[in-house]
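Below are the sequence and a predicted model for it; my questions follow.
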Amino acid sequence: MNFKQEELAKRFQGVGASMMKVFEVSPLYFKNTIENLIDEPEMPWTDLGTKLHMYILQSKEFLKNYTYLEFTKPRGKNQEEFCNQLEKGNLDTETIIKAYKKAYVNKGKSDDKIQKEALILFENLEKYINYLRIRKEYKDILTWSDLSYVREAKQKATNHIAASKLLFDQEPNPLFDSKTFTANELTIYWEYEDILIDNLPLVIRSTPDRFIVDHNNKKIILIDIKTSSILHEFPDQFKNYKYYRQLALYWLALEYWFKNKFPNKNFNKYAKETYIAAVQTPNRYKDYPIQWKIFPVSDESLQNGFNSLKEVLQEIKWHINQDKWEHSKHYYENEGLEKSL
């Protein structure tokens, strides 16, 4: 996918699905985030969701970014210092003894005793030291609970009637034939013509979790994976988090992608199906079982998404054109008042 993507990526200024939520916090918060004045830490459950997405949709990338190590953590400052001394360099006996001497007071001990204690300590903490030495090679070192979770969640998906067909490419799968195109986590840069930045359309970045283009049956299927610690309340979460707007944004991105990828085919003549594959994540208060629920997304919900998306983008356009960010558009147009409750 080379059509203008590098050029658009250079013009990209941070607007995507997540930034719509940021804008609704406040225009100034949006502006500061876009300009990298705010560095938000990644939330733990979002991180678990990232691991699950990659484990299911990008298994090869998962192995490059994550590893699992079971180790005993050091106890106290002396053991921590000992391990830190061995984070780099060789792990021969001489180096281990030097690290031990830097971490501990050894007055009155013989060289043989120091060597013996150093090697025993190294043996007990070797796995943790190995962790220190390789941790920069990976995005994260998995805990056993996270690894167990993603493994079980994937197994549950393969056993689910609908999830197994929608999430995986392996044969036999009735959805796939030689005229089927699938993509997982494909980043698409596309232009929103109604907002101009330096006389050029605003570039938006979208990364749909997964989509399937079935040329034989002229059908496009969009699948989005969501995690929830209260899966039984997901229909409410769908509305509260405005997932319908995110999906609408993905469909606009897919339309742009499709027209450039398949210029001889008519996007409007393809049927569209949208699904959310929602999965239960660990709940700190309840021991809910891991399970998947596949929700079809109605045309009505998607239309609500398109309407909401247009409204937010129009407000962003207003703030860009007016260069006013301290308050909402409604504030400036109504003598300091916000929208009625």
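Nice, thanks for sending it over. Residues are numbered from 1 along each chain as shown.

hey, let's count contacts and neighbours off CA atoms from now on
Noted.

For residue 70, the count of nearby residues, please.
12 (other Cα atoms under 10 Å).

and the gap between it and residue 136?
17 Å (Cα to Cα, to the nearest Å).

Check residue 244 too.
Taking Cα to Cα, one finds residue 244 at 37 Å from residue 136.

Neighbour count for those two, which is higher?
Per other Cα under 10 Å, whichever of residue 244 and residue 136 has more neighbours is residue 244, with 24 against 11.

Find the nearest non-adjacent residue to that one, please.
Of all residues not flanking residue 244 in the chain, residue 305 sits nearest, at 4.7 Å (Cα to Cα, 6 or more residues apart in numbering).

unless I'm mixing things up, that neighbour is touching residue 247, no?
Yes - counting by Cα atoms under 8 Å, residue 305 touches residue 247, with 7.2 Å between them.

Looking at the two now, which is surrounded by more residues?
A count of neighbours by other Cα under 10 Å puts residue 247 above the other of residue 305 and residue 247, at 26 against 20.

Neighbours of residue 242, how many?
Applying other Cα under 10 Å, I find that residue 242 has 18 neighbouring residues.

element containing the nearest residue to it once chain neighbours are set aside?
Nearest residue to residue 242, sequence neighbours excluded (Cα to Cα, 6+ apart): residue 305, at 7.6 Å. Element membership for residue 305 (DSSP states H and E) is helix 299-322.

Not counting its own residues, what contacts that helix?
The contact list for helix 299-322, computed with Cα atoms under 8 Å, 6 or more residues apart in numbering, reads 20, 23, 27, 195, 242-249, 325, 329.

Among those, which ones are in strands?
Mapping those onto strands (DSSP state E) picks out residue 195.

So for the contacts of helix 299-322, which is the shakiest by pLDDT?
In terms of pLDDT, the weakest of these is residue 195, which scores 86.

From residue 112, how far out is residue 150?
As judged by Cα to Cα, residue 150 and residue 112 stand 47 Å apart.

more crowded one of those two?
Remark: of residue 150 and residue 112, residue 150 carries more neighbours, 21 against 9, as counted by other Cα under 10 Å.

Tell me the gap between stretch 115-131 and the middle of its chain.
36 Å (Cα atoms, centre = their mean, to the nearest Å).

which of the residues in that stretch are buried?
Neighbour-count burial for stretch 115-131, counted by 16 or more other Cα atoms under 10 Å, picks out 115, 118, 119, 121, 122, 125, 126, 127, 128, 129, 130, 131.

Pick out the most distant pair among those.
115 and 131 (23.0 Å; Cα to Cα).

what are the ranges of the strands in the stretch 151-300 of the chain?
180-184, 188-197, 200-206, 210-214, 219-228, 271-280, 292-296 (DSSP state E, counting those that start in this stretch).

Tabulate the ones you listed (JSON lines), appending distance to residue 94 and mean neighbour count.
Output for those, formatted as JSON lines (distance: least, Cα to Cα, whole Å; neighbours: other Cα atoms under 10 Å):
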{"stretch": "strand 180-184", "distance to residue 94": "49", "mean neighbour count": "16"}
{"stretch": "strand 188-197", "distance to residue 94": "53", "mean neighbour count": "17"}
{"stretch": "strand 200-206", "distance to residue 94": "53", "mean neighbour count": "20"}
{"stretch": "strand 210-214", "distance to residue 94": "53", "mean neighbour count": "21"}
{"stretch": "strand 219-228", "distance to residue 94": "49", "mean neighbour count": "20"}
{"stretch": "strand 271-280", "distance to residue 94": "50", "mean neighbour count": "18"}
{"stretch": "strand 292-296", "distance to residue 94": "54", "mean neighbour count": "17"}
